[in-house]
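In: coordinates for the following, if possible.
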Amino acid sequence: MTTQLPLRDRKKAATRRALSDAAVRLAKTLGVDAVTADAIAAEAGVSTRTFHNYFPSKEEAILYRFETDVGEWVAQLSARPADEAIWDSLERLVVGIVTDPARDVAETFAVMALIEDSPALMARKLEVHGRVSRILGEAIADRTGTDVDNDLYPNLLQMASGAACKAAIDLWMQGNTGYDTPAPLVTEAFAQLRAGLPPPARPTVTASRPAQS
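Out: Predicted coordinates for the structure are as follows:
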C-alpha cells in the first residue's frame, strides 16, 4: 500500500515543482543568463523570499526538474517485475516514458539540451548526474545481482542504454523519421544493442567492367 505524504509536505513539493517549471519556462524563452530569481518567483506567483526558501540559485531550480524526472524513472525501473530480463525492463521503461501522454518528450529533452548549452548549468549538472547515476546504477545492480562499486556490468549497461535512448530521441527530434513518437527508434536501438551492435547490412556493389574495344 502506498503511503501518502502529509498535506504540508505535498504542498511544499508542489511549490518546489512549480518554481522549477517556471525556471525552465523562462530559461527556454529568455536564455539561462537572463533569468533571475525575481522573474522565477513572479512567474510562479510567489515572493522572491519564497523562491530562496526552496532553491539557493536559478541553476538549482532548473536542474531540479531534471533530477526529479530521473528519480521517477528509477522508481519505475525498480517497480518492473523481478523476473523480467534487465534489457526488457530498460526498454519498456524508456518506451513508456516517450509514449506517456502526460509527458512532452520534446520538452523534456529540450531541457536537457538547455542544460548542455549553459556552462553554469553544466558545472552543476555534473554533481547532479553523479547522484542520479549512482541511484540508477544501484537499481540496475539490484536487478542483476551485481555490485555497482565493483562490477563493470551495471555501470556499462547504464551508459549503453542511456546512449541508445539519447541517440534515438535525437534522431526523432530532427523530424525526418516519420514516427509520431520516438518509441520505434528506441525499440530498434535496444534490439541493436542486444545483437551486439552489428554493422548494418549494405548492398553489394558490383564493380563495373571496362568497355570492350
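
In: so where's the longest helix in the chain?
Out: When the chain is parsed with DSSP state H, its longest helix is helix 119-144.

In: and the pLDDT for the residue most central in space within the chain?
Out: Centroid check for the chain by CA atoms, centre = their mean gives V70 as the closest residue, at 6.1 Å. pLDDT, V70: 80.

In: quick one: it and A139 touch, right?
Out: No - under the criterion of CB atoms under 8 Å, V70 makes no contact with A139, lying 10.9 Å away. Just so you know, the C-beta spots here come from the backbone N, C-alpha and C atoms, and that holds for glycine as well.

In: how far off centre is the helix or strand hosting K28?
Out: In the assignment (DSSP states H and E), K28 maps to helix 7-30. Here helix 7-30 is found 18 Å from its chain centre; the criterion is CA atoms, centre = their mean, to the nearest Å.

In: E59: neighbouring residues, count only.
Out: By other CB atoms under 10 Å, 22 other residues sit near E59.

In: OK, contacts around it?
Out: Neighbouring residues of E59 by CB atoms under 8 Å, 6 or more residues apart in numbering: V32, A120, L121, R124.

In: tell me which residues of the helix holding K28 come out buried.
Out: T15, R16, A18, L19, S20, D21, A22, A23, V24, L26, A27, K28 (16 or more other CB atoms under 10 Å).

In: show me the shaky parts of the chain.
Out: 1-3, 125, 203-213 (pLDDT under 70).

In: just the helices in the protein please.
Out: 7-30, 37-44, 48-54, 58-78, 86-98, 105-117, 119-144, 152-173, 183-194.

In: dump those to CSV, plus distance to R202.
Out: Converted to CSV, those look like this (distance: least, CB to CB, whole Å):
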stretch, distance to R202
helix 7-30, 40
helix 37-44, 52
helix 48-54, 54
helix 58-78, 36
helix 86-98, 26
helix 105-117, 30
helix 119-144, 34
helix 152-173, 19
helix 183-194, 15
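
In: so which of the contacts of E59 wins on neighbours?
Out: Going by other CB under 10 Å, L121 tops the contacts of E59 with 22 neighbours.

In: ok, that one to L63 distance?
Out: According to CB to CB, to the nearest Å, L121 and L63 sit 7 Å apart.

In: identify the contacts common to those two.
Out: Common neighbours of L121 and L63 are listed as I115 (criterion: CB under 8 Å, 6+ apart).

In: about what we covered before: residue contacts, the residue nearest to the centre of the chain?
Out: With the criterion set at CB under 8 Å, 6+ apart, V70 makes contact with V132, I135, L136.

In: so the second one sits right up against V74, yeah?
Out: Yes - I135 sits in contact with V74 when judged by CB under 8 Å, with a separation of 5.1 Å.

In: common neighbours of those two, please.
Out: Joint contacts of I135 and V74 (CB under 8 Å, 6+ apart) do not exist.

In: columns distance to R92 on top of the buried residues of helix 7-30, output as TSV?
Out: Converted to TSV, these look like this (distance: CB to CB, whole Å):
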residue	distance to R92
T15	33
R16	29
A18	30
L19	32
S20	27
D21	27
A22	32
A23	31
V24	27
L26	34
A27	31
K28	30
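
In: of those residues, which pair is most distant in space?
Out: Within those, T15 and K28 form the most distant pair, 20.7 Å apart (CB to CB).

In: relative to T146, how far out is Y153?
Out: 5 Å.
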